[in-house]
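A.B. asks: Using only what follows, build the 3D model:
(chains A and B)
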Amino acid sequence: MPADHFDVVIIGAGVAGALIADVLAARHVNVLLLEAGETGGDRGALTARWAAATVKGLGAPYVASRPERIPGPEQPATEADRKNARDVYYDQQTPEKYLSTYERRVGGSTWHWLGHTPRLLPNDFRLRSTYGVGVDWPVGYADLEPWYCKAEKELGVAGDDAEWQNVHGAFRSQPFPMSKIWPSWSDELFSQALREVPISGRRLAVLSTPSARNSQAYDGRPPCAGNASCVPICPIGAKYDGSVHVKKSVAKGAQLWEKSVALRLEKDADGGVRTVHFKRWDQSEARVRGRLVIVAANAIESAKLLLLSGVANSSDQVGRNLMDHLQKAVLGSAREPVYPFRGPPSTSGIETFRDGEFRKMRGAFRMSLGNDGWSRSGSPQTDVARLIETEGLFGRELRERLFHEVSRQVRMSCSVEVLPNPANRVTLSPLLDSFGVPRPQLHFATDDYTRDAFGPALDVIQDVLRALDATVTSLDRNPRNYSGAGHIMGTCRMGFDAKTAVVDADCRSFDHRNLYVVGAGAFPTCGTANPTLTVAALALRAADHVLSVLPALAAAPVPA
Amino acid sequence: MEAALASFVRLSSALVGDDLLPDDLAALYFEQARTALADELPALLARFTHLLQSGVEPVTALRQHLLPDPRWGPPSKIILALWFNGGIKNMAGDWAPASADGYYRALVWDVIGAHPPTLSNGYFGHWKYPPEC
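C.D. replies: Got it, this is the predicted structure:
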């Protein structure tokens, strides 16, 4: 086979692409991972870069070695753009903005994810048939459950089997690979308060959040040491990221071509998509061929590539139904110290409101308890400055006040469901990035279904903070003020037929049977679960399907 | 130790409420302050030294003579924040750390009963319990 011919070419070395590469390479499939970003320095160097950075944003550890910076929503083009890289990369003309971003890098955005891995719920897969809104998935929870188990083993998920058996009907056929990440001292205080005080007449349970973060040595990685920095980097690799399976797949024979930006896919005369044109960071262009091509960039870049290529879009659904989980954080001050800024940024949540009849009218929401104080609106440094500037404190008095105030900081957040809306979409901007590639133009607006969920969510948070005897210090009820969760979903949705969806239940293109599109782009609806575990489960399922079709593809003649 | 650095250490000790400041960090912050406060630092240190030589206690010097003063207050507060935050606020409002080491050794983490992010020196599950502080 020529050096630029592979059985399978995977575009994107994030968690989905890496997992598939690992499965295929283990079966001796000749597979290429083509990645726009770089491997970059080692973890220690990345951590030190972040510590020394002035602007400690998501992309701070990962500033590319390329002098001009690689285009992307977290990679500024210039020093002056460091705070608004998203706005320099995305082209957004709409009043509301799409707020979530991603990292172009070997291992992808899992480098700076929080690591939370709840599963979607059974009703998340049948939203239309159960509640009359959104659409149904072409797979159900029971179909995906064995793949969730495999994904939990691959990523190394720590969780509490008893707490998570049958939450909203989500049965578990296998135990978590590891026992749970321990709740924080703050979580314990919340749990205690909610055991004693009912909220709207019901007892709310605080559950430990399943996380792809080691609670013991697992898969050659150490247990979490509570460095409190999952976002933007775990300094010791206790938290899973996609680079784990990139390394595994390469050790099994997969090739990784980094610093290679896919430009377009080319369709052969027989309708197959086998050629990928790409540009290296040195600006040289080349092409690579695969009997089968898997697009695994992310929901924005995958859609952009398909649109640039004019493929897989007979449904006119490519780029549409862009979703996120929209978040609001409420800050408060507890009566006693809760000791934030220790341990993972969040270790527990409230799952009660993720499903129910109310979903006929408004979105579901998941709630998380923070261990990160008021870091969503400032930092302990901000508190130092405030006490010095506005109160003139110094010396022992400053130390005592600082401890008194910061040690009591609490945060609760809600993440609200967004329905698929064809008008929320990715299109091609007339503006080009530094590779000469059209930037993504994003169109995004919330609807009443999502906005109406914020009020009830904030009511619950207020009641919970009251139960804790905490004072609310920051609560914004304006439903148009929210933050993104970094959960970029939709745009290449799976469905039942070629008229309404881009890919089928196996993430296989309806239009080109040797083309797959994996990742959260394939989600028809978004539920309230952090998406990565479902991304992993769908990717492993797709990999299994690829293995089943490869022999026939290998036997068939390939156009020159 | 040069006289200016010694004076900087005395001023810093009074500001942060600690007589045992690490020499290497003091030298690092002195250099950063000398750059950021090129016009103000020599005069501030001279004023502080003069007050001490006049028999004024260091804390009193700060509370009554330096911090409330429109000339001496702002540079004094910058040095105070430098020790607590490990950096100096730039024009954009961000804390420019003296170095990664400066960020990690900033006083704020210990004072709030925490540790700098990415450097807990802790064991699995330590966050389940209150810190020893």
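
A.B. asks: Quick one: the strands in chain B, in order.
C.D. replies: B:87-89, B:95-97 (DSSP state E).

A.B. asks: Which one, of those strands, ends up nearest to chain A?
C.D. replies: Across those, chain A has its closest neighbour in strand B:95-97 (4.6 Å, C-beta to the nearest C-beta). Every residue, glycine included, has its C-beta placed from N, CA and C.

A.B. asks: by contact count, what packs against the lowest-mean-pLDDT helix or strand in chain B?
C.D. replies: Lowest on mean pLDDT, DSSP states H and E among the helices and strands of chain B sits strand B:95-97, with a mean of 82. Applying 3 or more C-beta pairs under 8 Å, 6 or more residues apart in numbering or on different chains; DSSP states H and E, one finds that strand B:95-97 contacts strand B:87-89.

A.B. asks: again, 10 Å this time
C.D. replies: helix A:43-52, helix A:380-391, helix B:23-36, helix B:73-85, strand B:87-89, helix B:100-104 (3 or more C-beta pairs under 10 Å, 6 or more residues apart in numbering or on different chains; DSSP states H and E).

A.B. asks: Would you mind finding the most buried of the ones you listed?
C.D. replies: helix B:73-85 (a mean of 22; mean count of other C-beta atoms under 10 Å in any protein chain shown).

A.B. asks: by how many degrees do that one and helix B:23-36 diverge?
C.D. replies: Angle of helix B:73-85 versus helix B:23-36, following axes from the mean of the first three to the mean of the last three C-alpha atoms, to 10 degrees, is 140 degrees.

A.B. asks: Please name the residues that touch residue 8.
C.D. replies: Defaulting to chain A. Applying C-beta atoms under 10 Å, 6 or more residues apart in numbering or on different chains, one finds that A:V8 lies in contact with A:20-21, A:24-25, A:29-33, A:254, A:290-294, A:514, A:516, A:543, A:546-547, A:550, A:553.

A.B. asks: You answered for a different chain; I wanted chain B.
C.D. replies: By C-beta under 10 Å, 6+ apart, the neighbours of B:F8 are B:1-2, B:21, B:26-27, B:29-31, B:33-34, B:41, B:44-45, B:48, B:79.

A.B. asks: which one of these sits closest to chain A?
C.D. replies: Looking across these and measuring by C-beta to the nearest C-beta, the closest to chain A is B:I79, at 10.1 Å.

A.B. asks: now the closest residue to A:V406 other than its chain neighbours: how far from A:S429?
C.D. replies: Leaving aside its chain neighbours, A:V406 sits nearest to B:I112 (4.2 Å; criterion: C-beta to C-beta, 6 or more residues apart in numbering or on different chains). From B:I112 across to A:S429, the span is 44 Å (C-beta to C-beta, to the nearest Å).

A.B. asks: A:C492 now?
C.D. replies: 18 Å.

A.B. asks: So which of the two has more stuff around it?
C.D. replies: A:C492 (32 against 19; other C-beta atoms under 10 Å in any protein chain shown).

A.B. asks: A:A217 against A:A225, yeah?
C.D. replies: No - judged on C-beta atoms under 10 Å, A:A217 makes no contact with A:A225 at a distance of 11.8 Å.

A.B. asks: For the one helix or strand A:A18 maps to, buried residues please.
C.D. replies: Using DSSP states H and E, A:A18 sits in helix A:15-26. Of the residues in helix A:15-26, A:V15, A:A16, A:G17, A:A18, A:L19, A:I20, A:A21, A:D22, A:V23, A:L24, A:A25 count as buried by neighbour count, 16 or more other C-beta atoms under 10 Å in any protein chain shown.

A.B. asks: Find the nearest non-adjacent residue to residue 7, please.
C.D. replies: You didn't pick a chain, so chain A it is. Distances taken as C-beta to C-beta, 6+ apart place A:N30 nearest to A:D7, at 4.3 Å, with adjacent residues excluded.

A.B. asks: wait, chain B
C.D. replies: Nearest one to B:S7, counting by C-beta to C-beta, 6+ apart, is B:L45 at 4.2 Å.

A.B. asks: Could you report the neighbour count for residue 121?
C.D. replies: This is for chain A. Around A:L121 there are 20 residues (other C-beta under 10 Å).

A.B. asks: um, chain B though
C.D. replies: Neighbours of B:N121 (other C-beta under 10 Å): 10.

A.B. asks: sorry, back to before: if I look at the residue nearest to A:D7, how far off is chain B?
C.D. replies: 39 Å (C-beta to the nearest C-beta, to the nearest Å).

A.B. asks: For the host helix or strand of A:I461, what does the pLDDT average out to?
C.D. replies: Using DSSP H and E, the secondary-structure element containing A:I461 is helix A:448-467. Taken as a whole, helix A:448-467 has a mean pLDDT of 98.

A.B. asks: same question, stretch A:477-486
C.D. replies: 96.

A.B. asks: what sits against the residue of chain B found nearest chain A?
C.D. replies: The minimum distance from chain B to chain A, using C-beta to the nearest C-beta, falls at B:W127 (2.6 Å). B:W127 sits next to A:181-187, A:224-226, A:228, A:339-344, A:347, A:371, B:114, B:120 when contact means C-beta under 10 Å, 6+ apart.
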